[in-house]
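> Predicted model and sequence below, questions to follow.
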Amino acid sequence: MNYNIAVIEGDGIGPEVVNAAIEVLNTVGKKYKFSFVFKKVSAGGNAIDRFGTPLPKESVQTCLESNSVLLGAVGGPKWDILPGHLRPEKALLGIRKELELYANLRPARLLPELKDACPLRKEVADAGFDMIVVRELTGGMYFGESGRRDGKYGPEAYDTECYSALEVERIGVTAFELARSRGKKLISIDKANVLESSRLWREVMHRLAGKYPDVELSDMLVDNAAMQLVKNPKQFDVVVTSNIFGDILTDEASQITGSIGLLPSASLGETKRGMYEPIHGSAPDIAGQDKANPIATVLSAAMMLRLSLGQEDAARDVEDAVSRVLAKGLRTADIAAPGDDILPCSTMTKAILNALK
Ligand code: ATP
Ligand code: MG
């Protein structure tokens with residue numbers, strides 16, 4: 001088996017962490033008898049510098065012709081002064097749209113080896129948690145009608161939330177399928193006591209539940225969910241929610257796991273092709289210094305193996321290798337406790353590769 005992967009190294013620490021993930025993929029591929037062809041494509045700030053646009057057409061084409069996309073991070077202060085249509089972040093929105101990636105999956109798992117980094121109460125951290133948020137990514141408030149107008153008492157601004165039953169259904173299917181492959185528990189988060197779009201959301205989720213009798217569906221209001229996430233995160237397994245609620249709750253969920261340098265993500269659509277990237281940004285403050293934590297990107301590669309390439313054993317092997325390295329006490333700067341030796345990105349990567357063999 002041979003997989004074509006489009007690789008967007010991006011900016012800042014992007015190239016460092018992506019190269020770590022590529023080495024891990026090559027190594028696990030050898031072990032499980034599959035291989036990769038990585039095609040590097042330009043997007044983000046470096047593409048603006050070289051081609052005058054954050055997302056050249058050829059880059060999109062390469063992504064469309066690949067089994068999946070692996071991305072580091074885009075952006076940085078160098079490009080912050082540019083006008084909106086020329087910002088590096090436009091590359092991400094462009095790829096999501098072109099590849100129709102409407103489902104954003106973000107696991108938030110407290111690695112047992114890093115319980116001390118968890119900001120929650122000790123009993124809560126000791127109990128651990130392992131959830132995954134499925135966020136709708138291409139609809140809702142962020143894509144609804146918005147504007148300004150003259151109101152009775154002066155200028156007004158408005159944003160509208162609109163979801164079609166079809167949009168809710170397709171994200172629902174992603175979430176139910178995922179729940180079926182995990183703990184068979186799905187929590188749908190909405191604001192159905194106030195919002196009509198949430199009432200439609202809830203109706204569609206419950207209709208779908210009929211097709212997944214093995215999955216237990218429950219609803220939770222978003223304000224309660226925000227509270228429950230810090231109070232008792234263990235109750236969550238798979239969570240499904242709208243674009244705006246997911247945006248807010250995934251940031252909250254990521255923070256309770258410790259470091260931003262650990263968390264992977266996947267963006268999926270109707271096909272097997274996905275885009276995989278760490279949730280962190282380009283970290284310009286540490287770029288080019290071999291200080292970044294490669295684990296978030298390595299775990300993103302594991303998600304790619306599982307969700308797009310169907311290589312579950314290899315995915316689990318990569319995750320286990322990361323756990324073993326952490327269990328040995330190996331730490332990059334972002335996860336080090338006072339007194340710990342601090343490893344560079346390249347040494348952490350080598351340790352993961354050794355743990356894999
Ligand atoms: P963006 O707007 O792209 O999300 P940001 O400026 O909000 O970017 P990051 O680039 O993620 O945020 O950086 C936030 C902080 O986390 C920085 O101090 C950065 O050095 C640190 N950081 C981010 N990723 C990593 C990593 N992989 N390893 C270590 N530290 C990291
Ligand atoms: Mg940010």
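Now that the structure is in, tell me what you want to look at. Ligands and ions are numbered 1, 2, ... in the order given.

> Which strand or helix spans the residue positioned nearest the centre of the chain?
What sits nearest the mean C-alpha location of the chain, by CA atoms, centre = their mean, is Ser265, with 2.0 Å. Here Ser265 sits within strand 264-268, counting by DSSP states H and E.

> What's the mean pLDDT across that strand?
What strand 264-268 shows for mean pLDDT is 97.

> Remind me what it packs against, helices and strands.
Using 3 or more CB pairs under 8 Å, 6 or more residues apart in numbering; DSSP states H and E, the elements in contact with strand 264-268 are strand 103-109, strand 274-278, helix 295-307. C-beta coordinates here come from the backbone N, C-alpha and C atoms, glycine included.

> Out of these, which is closest to Arg87?
strand 274-278 (17.0 Å; CB to CB).

> ok, back up a step: dump the helices and strands packed on strand 264-268 to JSON lines, plus mean neighbour count and mean pLDDT.
Compiled in JSON lines, the helices and strands packed on strand 264-268 are given as follows (neighbours: other CB atoms under 10 Å; pLDDT from 0 to 100):
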{"stretch": "strand 103-109", "mean neighbour count": "22", "mean pLDDT": "95"}
{"stretch": "strand 274-278", "mean neighbour count": "26", "mean pLDDT": "97"}
{"stretch": "helix 295-307", "mean neighbour count": "26", "mean pLDDT": "97"}
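
> I'd like those laid out as JSON lines, including distance to Tyr3.
Shown next, in JSON lines, are the helices and strands packed on strand 264-268 (distance: least, CB to CB, whole Å):
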{"stretch": "strand 103-109", "distance to Tyr3": "19"}
{"stretch": "strand 274-278", "distance to Tyr3": "12"}
{"stretch": "helix 295-307", "distance to Tyr3": "9"}
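
> quick one: which of these is nearest Asn2?
Closest among the helices and strands packed on strand 264-268, once you apply CB to CB, is helix 295-307, at 14.1 Å.

> Quick check: buried residues in stretch 281-299?
281-284, 286-287, 290-299 (16 or more other CB atoms under 10 Å).

> Can you give the distance of that stretch from its chain's centre?
16 Å (CA atoms, centre = their mean, to the nearest Å).

> so does that stretch get close to ligand 1?
Yes: using CB under 6 Å from any ligand atom, stretch 281-299 reaches ligand 1 at 281-283, 285-286, 292-293, 296.

> so which of these comes closest to Val194?
Nearest member of the residues of stretch 281-299 next to ligand 1 to Val194, counting by CB to CB, is Gly281, at 32.8 Å.

> Relative to Glu196, how far out is the residue nearest to the centre of the chain?
Applying CB to CB, to the nearest Å, the value for Ser265 to Glu196 is 30 Å.

> next one: Ile132
On the measure of CB to CB, Ile132 and Glu196 end up 28 Å apart.

> The two - which one has more neighbours?
Just comparing Ile132 and Glu196: by other CB atoms under 10 Å the higher neighbour count belongs to Ile132, 23 against 11.

> Go ahead and confirm that one touches Leu105.
Yes: between Ile132 and Leu105 there is a contact at 5.9 Å, judged by CB atoms under 8 Å.

> So for the two, which residues contact both of them?
Leu178 (CB atoms under 8 Å, 6 or more residues apart in numbering).

> Break the protein into its domains for me.
According to automatic domain parsing, the chain comprises the domains 1-101+282-357, 119-256.

> Tell me which of the ones you listed sits nearest to Leu111.
Nearest of the domains of the chain (CB to CB): domain 1-101+282-357, 6.0 Å.

> so how far is the closest one off the chain centroid?
12 Å.

> Tell me the confidence at the closest residue to Ile13 other than its chain neighbours?
Among residues not flanking Ile13 along the chain, Ala292 sits closest, at 4.0 Å (CB to CB, 6 or more residues apart in numbering). The model reports Ala292 with a pLDDT of 98.

> Which residue does the stretch 251-357 of the chain have closest to ligand 1?
Ranked by CB to the nearest ligand atom, the top residue of the stretch 251-357 of the chain for proximity to ligand 1 is Gly281, at 2.2 Å.

> what's the closest non-adjacent residue to that residue?
Here the residue nearest Gly281, using CB to CB, 6+ apart, is Ala73, at 5.1 Å.

> Averaged pLDDT, stretch 75-89. What do you get?
90.

> Equivalent analysis for stretch 28-40, please.
Stretch 28-40 comes out at a mean pLDDT of 98.

> ok, now how distant is Pro83 from Arg109?
39 Å.

> same thing with Ala301?
16 Å.

> do the same with Glu136
Relative to Arg109, and taking CB to CB, Glu136 is found at 22 Å.

> Pull the contacting residues for the closest residue to Asp340 other than its chain neighbours.
The shortest distance from Asp340 to any non-neighbouring residue, by CB to CB, 6+ apart, is to Arg331 (4.8 Å). By CB under 8 Å, 6+ apart, the residues touching Arg331 are 337, 340-343.

> at 7 Å instead, please
340, 342-343 (CB atoms under 7 Å, 6 or more residues apart in numbering).

> Can you lay out the residues you listed as TSV showing secondary structure, pLDDT and neighbour count?
Shown next, in TSV, are the contacts of Arg331 (DSSP: H, G, I helix; E, B strand; the rest coil; pLDDT from 0 to 100; neighbours: other CB atoms under 10 Å):
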residue	secondary structure	pLDDT	neighbour count
Asp340	coil	92	13
Ile342	coil	97	14
Leu343	strand	98	21
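
> Ligand 1 contacts on the stretch 51-200 of the chain?
Counting by CB under 6 Å from any ligand atom, the residues of the stretch 51-200 of the chain that sit close to ligand 1 are 73, 75.
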